[in-house]
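Visitor: Any chance you can model this:
(one chain, ligands or ions: 1)
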Amino acid sequence: MIRRFWTGVGLAVALVASGAQAAPDVAKMTSGELTAFSRAMPKGGELHNHLSGAIFAETLLAWAVEDGLCINVKTLSVTPPCQPGEDLKPASAIRTDEVLYAAMIDSFSVRHAGFRDRSGHDQFFGAFGRFGAAGARREGDMLANVVDNLARQNTFYLEAMVTPQGVASRVKGAQVGWKGGDLAAQKAANTAVGLEALVAVAMAETDVMEARARSLMRCGAPDAMPGCQVTVRYLVQTSRAAPPEQTFAQLQLGVALIAADKRWVGLQMVAPEDHPLSITHYSLHMRMVDFLTDHGRTTKAALHAGELSMAYATPEELRYHIAEAVRVAGARRIGHGVDLPLETDAEGLAAEMAAKGILVEVNLSSNDAILGVSGQAHPYAWLRRRGVPVSLSTDDAGILRIDLSHEYARAADEGATYADLRTSARNAIAFSFLTGEGLWADPGAYRHPAKACARQIGKAEPKPGGCADLIAASDKAREQWRHERLLATFEAAAR
Ligand SMILES: [Zn+2]
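Guide: Next up, the predicted model:
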C-alpha cells in the first residue's frame, strides 16, 4: 500500500540527496502530495490531545440525537435532559434542519471565523461548554474515535488528556477549604476527607471507557478496526480556573491515581492560561506541582505554559510562565510554549530546556486560531534551531477541524524539513511518559541506538539477547521498535 502511495504521488521528482540515501524533499511537494505524504508517514504518537476536544461536531451531534438530548437554539449548545421548551428543540431536529445543523457545527468549532462576533480565543474555549453534554457519557466512544483516526494515519501511540473524577475531587477540595498556603496541611486535610478513595472510582471508570472503546472497535475479532493497535496512556487534566483548594485536590488525586494505575502516566493543568484565576494563582500552581511530585521526581508532569500572546496577557505575565513550569514545578514537557521568546532571558531558558531535554508540544493550528500566532511569528523554528526538542500535536482536533497529519503538512509548509518531521515523530515516543529504557542513547538527535540494539533498528525482529531483552522489558523501547520498523518501510519505499 505504501509503495503504491509513493509512486502515486510521483515522489521520485521530490527526492534530494541526503548523505548516502535519498530523503523526501517536502519543500518540493505540491499541496496534494504533501497531504498524502504526511498522512502515510508514521508519526510516532501524539502527546498533546484533549480527548474531549478531539471529536468533530458532526459526531458529537449524532451522539446527541442518539441519546435524546436537546439543542438550545439560542446559545447553539447541547443540553440534557431534553424537555423541549421555548428555546429548546430535540437534537433530532438537525436531521432535517440544515440551517440549524450548520450553525451547530459553527458553534462547536472555529471553522467560521468571527462567528457571532467572537474572537478565535473565545469561540474556541467557549465551545467546550456548548458541546460538553454531547460527549459527557461518551468517553469510550471518543477514545475509539481518536485512536482509530490515529491508526489510519499510521500512528500508534497516544497520550490522551482526560479529567478523572473532576467534580468529585473539586467537591472534596471545597469541603476542606484553603489552608493559607500550607501545602502539607492541605494534603493531609484532603486525605482525611477521603480524597484518595476516588482513585478506585477513577480506575473503574477507565476500565469502562477502555472496554467501550474496544467493543466499538471489535478488538480481538477478525474484523477489528485499526485503532485496536494503538497503545494508550492518560494524562490527568486538572483545572487552573478554580479556587486553589479545588485545583490542589485535583492534582493530589492525580498523583495518587498515577501511582496506582500504570495507564495514567502524568499530570497536566488545563483551562485558559489567561483566565483571571489562572493568572492570579500561576506561581502557586507551580509550587503545588513541585510539592506533590517532588519536583517531577516521583510523578511526571507535562504542563501547558506560555499559551499566551500580548493580545491575552501583559508583558509582566509573559516573562515567567515557562520558566516557572520548568524550574519550580519540574515539568518534563511544556504544552505550547508560544511566548518563550518573550520570557526573561529566553535564550538561557531555551538552552536550559535543550540541555535538560524538556520537550515543547507544538500545536500550530491551535496557536493560530486561539492566539493569532502563526507562520514566522511562531517560535517552532526558533526552538528547533536552539535544540529544544519539539513534537507536533493537534491540541483539540475536533474544534480546530484538523488531524495530526494536517499539522505535519502545515509544519512542512512553514519550513520544516523531512528530517524535522521525522524527529518530531521520534520525539513523540522518546519524550513520552512510557516507562522503561529507550531504544536510543541520544533522544532528540537519534544518531546512536542503545548499545544492545546497535545496527538493528528498523529490522523486522530484534536479535535474541540484549536487544530483544531490552524491548521485552521496556514499554518505551517496544513502541520505538514498532515505530522504527514503520519508518524503515516508509522510507525504503522512496528509494
Ligand atoms: Zn492543550
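
Visitor: in which helix or strand would I find Gln237?
Guide: strand 231-239 (DSSP states H and E).

Visitor: Which elements pack onto that strand?
Guide: strand 157-162, helix 166-176, helix 244-260, strand 264-270 (3 or more C-beta pairs under 8 Å, 6 or more residues apart in numbering; DSSP states H and E). No exception for glycine: its C-beta is placed from N, CA and C like everyone else's.

Visitor: And the residue lying farthest from the centre of the chain, how far from Val328?
Guide: Relative to the mean C-alpha coordinate of the chain, counting by C-alpha atoms, centre = their mean, the farthest residue is Glu86 (38.8 Å). For Glu86, the distance to Val328 equals 50 Å [C-beta to C-beta, to the nearest Å].

Visitor: just Gly180 next, same as before
Guide: 19 Å.

Visitor: Listing request: residues of the stretch 1-150 of the chain with sub-threshold pLDDT.
Guide: Low-confidence segments of the stretch 1-150 of the chain, defined by pLDDT under 70: 1-22.

Visitor: again, only this time at 80
Guide: 1-22, 81-84 (pLDDT under 80).

Visitor: what ranges do the strands span in it?
Guide: For the stretch 1-150 of the chain, strands defined by DSSP state E, counting those that start in this stretch occupy the ranges 15-18, 21-24, 46-50, 70-72, 77-79, 88-90.

Visitor: For Ile429, find the nearest of the ones you listed.
Guide: Minimum separation from Ile429 across the strands of the stretch 1-150 of the chain (C-beta to C-beta) falls at strand 46-50, 9.1 Å.

Visitor: got a list of contacts for that closest one?
Guide: Residues outside strand 46-50 that contact it (C-beta atoms under 8 Å, 6 or more residues apart in numbering) are 146, 150, 155, 157-161, 237, 270, 302, 333, 335, 359, 361, 363, 391, 393-397, 404, 428, 431-432.

Visitor: 7 Å instead, please
Guide: 146, 150, 155, 158-161, 333, 335, 361, 363, 391, 393-396, 404, 428, 432 (C-beta atoms under 7 Å, 6 or more residues apart in numbering).

Visitor: coming back round to it: give me whichever of the strands of the stretch 1-150 of the chain is most buried.
Guide: Of those, the one with the most neighbours on average (mean count of other C-beta atoms under 10 Å) is strand 46-50, at a mean of 26.

Visitor: Output that one as CSV, nothing but the C-alphas.
Guide: Taking Å, rounded to 0.1, in the frame of the first residue of the first chain, the C-alpha atoms of strand 46-50 are listed here in CSV:
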residue,chain,number,x,y,z
GLU,A,46,0.6,12.2,19.9
LEU,A,47,1.5,13.8,23.2
HIS,A,48,-1.0,16.7,23.4
ASN,A,49,-4.5,15.7,22.7
HIS,A,50,-7.5,16.7,24.9
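
Visitor: among the helices and strands packed on strand 231-239, which is nearest Ala494?
Guide: strand 157-162 (23.3 Å).

Visitor: now that closest one against strand 264-270, angle please.
Guide: 50 degrees (axes from the mean of the first three to the mean of the last three C-alpha atoms, to 10 degrees).

Visitor: Give the rounded mean pLDDT of strand 157-162.
Guide: Averaging pLDDT along strand 157-162 gives 98.

Visitor: How far off centre is it?
Guide: 6 Å (C-alpha atoms, centre = their mean, to the nearest Å).

Visitor: Neighbouring strands of that strand in the sheet, and parallel or not?
Guide: strand 46-50 (parallel), strand 231-239 (parallel) (DSSP bridges).

Visitor: Now tabulate those strands in TSV and tack on distance to Ala323.
Guide: Below are these laid out as TSV (distance: least, C-beta to C-beta, whole Å):
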stretch	distance to Ala323
strand 46-50	20
strand 231-239	21
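
Visitor: thought Lys463 was touching Gln456?
Guide: Yes - counting by C-beta atoms under 7 Å, Lys463 does reach Gln456; the two are 6.1 Å apart.

Visitor: tell me the contacts of the closest residue in space to Asp339 that isn't next to it in sequence?
Guide: Among residues not flanking Asp339 along the chain, Gly306 sits closest, at 4.2 Å (C-beta to C-beta, 6 or more residues apart in numbering). Shown in contact with Gly306 (C-beta under 7 Å, 6+ apart): His321, Ile322, Ile334, His336, Gly337, Val338, Asp339, Leu340.

Visitor: Could you report the neighbour count for the fourth one?
Guide: Spelled out, that is His336. Using other C-beta atoms under 10 Å, His336 is surrounded by 28 other residues.

Visitor: Which of the helices or strands spans the nearest residue to it once chain neighbours are set aside?
Guide: Nearest in space to His336, with sequence neighbours left out and distances taken as C-beta to C-beta, 6+ apart, is Glu307 at 3.9 Å. Using DSSP H and E, Glu307 maps to neither a helix nor a strand.

Visitor: where's Glu307 relative to Asn190, distance?
Guide: Applying C-beta to C-beta to Glu307 and Asn190 gives a distance of 28 Å.

Visitor: higher neighbour count, those two?
Guide: Glu307 (27 against 24).

Visitor: That one reaches Asp274, doesn't it?
Guide: No - counting by C-beta under 7 Å, Glu307 sits too far from Asp274 to count as a contact (8.3 Å).

Visitor: circling back to that earlier point, between the helices and strands packed on strand 231-239, which one is closest to Gln123.
Guide: Among the helices and strands packed on strand 231-239, strand 264-270 sits nearest to Gln123 (C-beta to C-beta), with 17.4 Å.

Visitor: Mind listing residues that contact the closest one?
Guide: Residues contacting strand 264-270 (C-beta under 7 Å, 6+ apart): 159, 161, 233-240, 251, 254, 257-258, 285, 289, 293, 299-304, 433.

Visitor: swap the cut-off to 6 Å and go again
Guide: 161, 233-238, 240, 254, 257-258, 300-303, 433 (C-beta atoms under 6 Å, 6 or more residues apart in numbering).

Visitor: Closest one of the residues you listed to Pro80?
Guide: Nearest to Pro80 among the contacts of strand 264-270, with distances taken as C-beta to C-beta, is Gln237, at 21.6 Å.

Visitor: I'd like to know how far the nearest residue to that closest one once chain neighbours are set aside sits from Leu404.
Guide: Nearest residue to Gln237 in three dimensions, chain neighbours excluded: Thr163, at 4.2 Å (C-beta to C-beta, 6+ apart). Thr163 sits 22 Å away from Leu404, going by C-beta to C-beta.

Visitor: Pick out whichever of these two has more residues nearby.
Guide: Leu404 (27 against 23).

Visitor: So what does the more buried one look like in phi/psi?
Guide: phi -60, psi -40 (degrees, to the nearest 10).

Visitor: Of the contacts of Gly306, which belong to strands?
Guide: Ile334, His336 (DSSP state E).
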